[in-house]
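Colleague: 3D, please:
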Amino acid sequence: MKTYVITLLALLMIAGIAVAEKPALEKPDEIYQSNGRAAEVEPNDDFSTANELVAGDDKNAAIDPAAEVDFFAIAVTAGLPVEFETHGGDIGDTKMYLYDTDGVTELAYNDDGGVNWYSKITYDFTADGIYFVKVTGYNSSTVGTYILTATEGDAPCDIPVNNTCENALPLPIGTTFNMSTCGATNEYTTVSGGCTGYTSNGIDVVYYVDLVEDQQFSITATTDYDIVIYMVTDCADIENTCVAGSDNTIGDGFEEFVFDAGTNPGRYYMIFDGYSSTGLHGDWEITVDGVVATESTSFDSLKSMYR
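Modeller: As a prediction, the model looks like this:
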């Protein structure tokens, strides 16, 4: 009986060790289609013998024999993010390291950030230079082929001219136009329960409109994230001079804003903002309609805007 118990415990311990290892996976569900433009050339076991890696070209490579490493060198431009990713292949599991221009200083590491257990690193480079990528198998017994890709991201956007009220642009009345908040910063916010009903901590851009008495107008805006529109008379005091706002609680990237100037003609600033503080940005489509003065609008009220 004791022999049976000891044997059973030993089997359970072995099973526990096996569970601690990554179980076998089939190839990724989404098979990557290589463009076949480049193939690894051995030896490339350190940074001094690294193969050239060109953004946009695939590198077909292999870890063979087990426990070897592959080094690749890539020329990058400051200000551009680059995404490095391994794909199958039949190796099943990789680890990837990104090194500085000296080939030694580690900038980033990833094990399972890609599809299944493949690797992915996205890095924003702040200086031009030749950087190095190292790929190896998950453990010392891992052998197989893989594909390495490097994909350059978009260059960062310039800050929009109308990022602040001081440089607000005139709102083009009676038109539908496109604008982007890429590159904008978070200059203005609303408070919870204020004129939009909620906080707005996203990035923003500003337009202005000059209204006479009883003028009415409407704005519709769409983009791909939760957006906010509000109107103020003094950008230095958003909370106390916000006269109207719109924040769709559904968060579906659509806002509709309607305003009547009534007996309060003058210049108003329209702030196109985002609800989230995560820095989301995108292309907006904006339609401005119905800026029509009523019959009660007088020439004197029109002149008062420019005194």
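Colleague: just the helices in the stretch 151-300 of the chain please.
Modeller: Secondary structure of the stretch 151-300 of the chain (DSSP state H, counting those that start in this stretch): helices at 238-241, 299-304.
Colleague: mean pLDDT lowest for which of those?
Modeller: Looking at those, the lowest mean pLDDT belongs to helix 299-304 (a mean of 46).
Colleague: in the sheet, who's paired with the closest residue in space to E285 that isn't next to it in sequence?
Modeller: Of all residues beyond its chain neighbours, the one nearest E285 is T222 (5.1 Å), with distances taken as Cβ to Cβ, 6 or more residues apart in numbering. Just so you know, the C-beta spots here come from the backbone N, C-alpha and C atoms, and that holds for glycine as well. Per DSSP bridges, residues listed as beta-bridge partners of T222: F254, E285.
Colleague: quick one: T222 from E256, how far?
Modeller: Shown here: T222 relative to E256, a distance of 10 Å by Cβ to Cβ, to the nearest Å.
Colleague: quick one, which of those two is more surrounded?
Modeller: Relative neighbour count places T222 above the other of T222 and E256, with 16 against 13, counting by other Cβ atoms under 10 Å.
Colleague: okay, that one: pLDDT?
Modeller: Reported pLDDT at T222 in the predicted model: 95.
Colleague: hang on, isn't it packed against N248?
Modeller: No. Using Cβ atoms under 8 Å, T222 makes no contact with N248, being 10.5 Å away.
Colleague: so what sits against both of the two?
Modeller: With Cβ atoms under 8 Å, 6 or more residues apart in numbering applied, the overlap between the contact sets of T222 and N248 consists of F254, E255.
Colleague: now do the SS call for T122.
Modeller: Put simply, T122 is strand when judged by DSSP: H, G, I helix; E, B strand; the rest coil.
Colleague: neighbours around it, how many?
Modeller: Residue crowding around T122 was assessed by other Cβ under 10 Å; the count is 15.
Colleague: dump the residue contacts of it.
Modeller: Contact partners of T122, counting by Cβ under 8 Å, 6+ apart, are P81, V82, E83, F84, G153.
Colleague: how does this protein divide into domains?
Modeller: By the record's domain assignment, the chain is partitioned as 30-152, 165-304 (automatic domain parsing).
Colleague: run through this structure and note the low-pLDDT ranges.
Modeller: Applying pLDDT under 70 to the predicted model, the residue ranges of the chain that meet it are 1-31, 251, 290-307.
Colleague: can you rerun that using 50?
Modeller: Across the chain, the stretches falling below the confidence threshold (pLDDT under 50) are 1-20, 24-29, 294-307.
Colleague: got the end-to-end distance for stretch 177-194?
Modeller: As for stretch 177-194, its first-to-last residue distance stands at 28 Å under the measure Cα to Cα, to the nearest Å.
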